[in-house]
Each structure stands twice: as structure tokens, then as C-alpha cells.
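Peer 1: got a predicted model here, sequence first, then my questions.
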Amino acid sequence: MTRREDHDGHAGDHREIRNHHRDTTAERHLAASVAGQLWRGQTPADQDIDTAWRHSASVVYRWLTGPVALHITPGPVVDQDTGDIAHHHTKEHHVATVLTDTQKVTFSVSETDAKGNPTTADAINWALDDPTFGTLNVAADTMSVEFVPSGTVGTANLTGADANDPNVSGVEAIQVTGGAATAIVITAGTPTAQ
């Protein structure tokens, strides 16, 4: 917070606002140029040339500045019944999200543009490479998904893809192991002579 006077000379607290947006002037000019080249000498049948040009420029601009990388991050692994946290995953040595068949985990997504700056997708499409491996409960805003194992032990891949550009996607390996023993079964062998 900085202390300064307002227009009437009264002192007051004002939050210092910093602009975290990057300059995209070059991308806007390039998008306009490409759109102009696309529509040079043509007249679209269903709309005027200005509307067609603006739409094309918007698509090219989104392509130039839109997300180029999608990052999937696992949250804490929790017990399916109690909701108690079993463990957290760290990015150091992280190869796959590991959980037992009695646990569940929520994954969140973030995207970055060509310059590594955070950007936001309109929506994410989520899928498992083996749909029988578990259930995906997608959040209303699609920016996160809860994975609940079906009981199958093994490994599957979770994919999140930008709904506007499926080429922008991320994959997270999920490994499900057997849970703690809850019962002991004793099986008798065939009796043999001593």
C-alpha cells in the first residue's frame, strides 16, 4: 500500500497497481497483415469483407498468442471414504501420480503461451486412455478433474486438451496400486499323506 493524496488533497491509502500484461503489438500487427493477405481480392458470400477480415485476424491473433503448453498438476491424494489426505506429490522426481484403489486425486490445469506467460483456456476436454480405469468428475469450469479409480490396478494416462485447440494438450500418468489389506483369507491345500 502506498499513501498519497487524492484529487481534493485528502490523504488516503491506495493500492499500487502493476501491469502484468505483456505487449502484444507485434502479434496484433502480424495477425492483421495475415488476415489482409487471406482476404485480398475476395468477397465472402455470407458477410461483409470487414467482418470476415476481423474474424480472420482474431483467429490468427489467438493462434499467435494463445496457449502453447498445457500443464496438469496433481493435488493431494485423499481417501475416498474419509477425505483424509494420504500424501502430496512433489514435482521433484515426479513420473506418475501414484494412489491406491481406495483413494482419489484432483488434477488442475494451467496453460502458458509461446513466451512462457500464463494464459487461460476457455475450456478443457479430459479423457483417460482406458475409460474403464476410473471415473473422471470434471469441474463446472473444466479447469480441474477428480479421478476416482474403478478398482483396476495398473497405469493409465489422463489427457487434458484445450477445447479450442486440441493440439495444445498435456498428459499425466496415473498408477493405481492395491490398497491396504482389509481381510485375510486362508485357503487350505489338498491333503497329502505324511
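Peer 2: That came in fine, so what should we check first?

Peer 1: mind listing what's buried along the stretch of helix or strand residue 35 belongs to?
Peer 2: Secondary-structure element containing residue 35, defined by DSSP states H and E: helix 25-39. Using 16 or more other C-beta atoms under 10 Å as the burial criterion, the residues of helix 25-39 that qualify are 27, 31, 32, 34, 35, 39. To be clear about C-beta, it is placed using only N, CA and C from the backbone, and glycine gets the same treatment.

Peer 1: and the third one, what's its pLDDT?
Peer 2: At residue 32 the predicted local distance difference test score is 76.

Peer 1: list the contacts of it.
Peer 2: For residue 32, the contacting residues are residue 57, taking C-beta atoms under 8 Å, 6 or more residues apart in numbering as the criterion.

Peer 1: so how far is residue 25 from it?
Peer 2: Distance, residue 32 to residue 25, using C-beta to C-beta, to the nearest Å: 11 Å.

Peer 1: and residue 70, by the same measure?
Peer 2: Following C-beta to C-beta, the distance that separates residue 70 from residue 25 is 26 Å.

Peer 1: over to residue 86?
Peer 2: Remark: distance between residue 86 and residue 25 (C-beta to C-beta) = 49 Å.

Peer 1: separation between the residue nearest to the spatial centre of the chain and residue 99?
Peer 2: For the chain, the residue nearest the mean C-alpha position is residue 109 (2.2 Å; C-alpha atoms, centre = their mean). With distances taken as C-beta to C-beta, residue 109 is found 19 Å from residue 99.

Peer 1: same question, residue 55
Peer 2: Counting by C-beta to C-beta, the gap between residue 55 and residue 99 amounts to 45 Å.

Peer 1: show me where this structure has strands.
Peer 2: When assigned using DSSP state E, the strands of the chain occupy the ranges 2-5, 11-14, 69-79, 85-87, 97-100, 103-112, 118-119, 124-128, 134-138, 144-149, 154-162, 169-177.

Peer 1: could you dump the ones you listed to JSON lines with mean pLDDT?
Peer 2: As requested, the strands of the chain are arranged in JSON lines below (pLDDT from 0 to 100):
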{"stretch": "strand 2-5", "mean pLDDT": "34"}
{"stretch": "strand 11-14", "mean pLDDT": "34"}
{"stretch": "strand 69-79", "mean pLDDT": "84"}
{"stretch": "strand 85-87", "mean pLDDT": "81"}
{"stretch": "strand 97-100", "mean pLDDT": "92"}
{"stretch": "strand 103-112", "mean pLDDT": "90"}
{"stretch": "strand 118-119", "mean pLDDT": "76"}
{"stretch": "strand 124-128", "mean pLDDT": "94"}
{"stretch": "strand 134-138", "mean pLDDT": "96"}
{"stretch": "strand 144-149", "mean pLDDT": "96"}
{"stretch": "strand 154-162", "mean pLDDT": "92"}
{"stretch": "strand 169-177", "mean pLDDT": "91"}
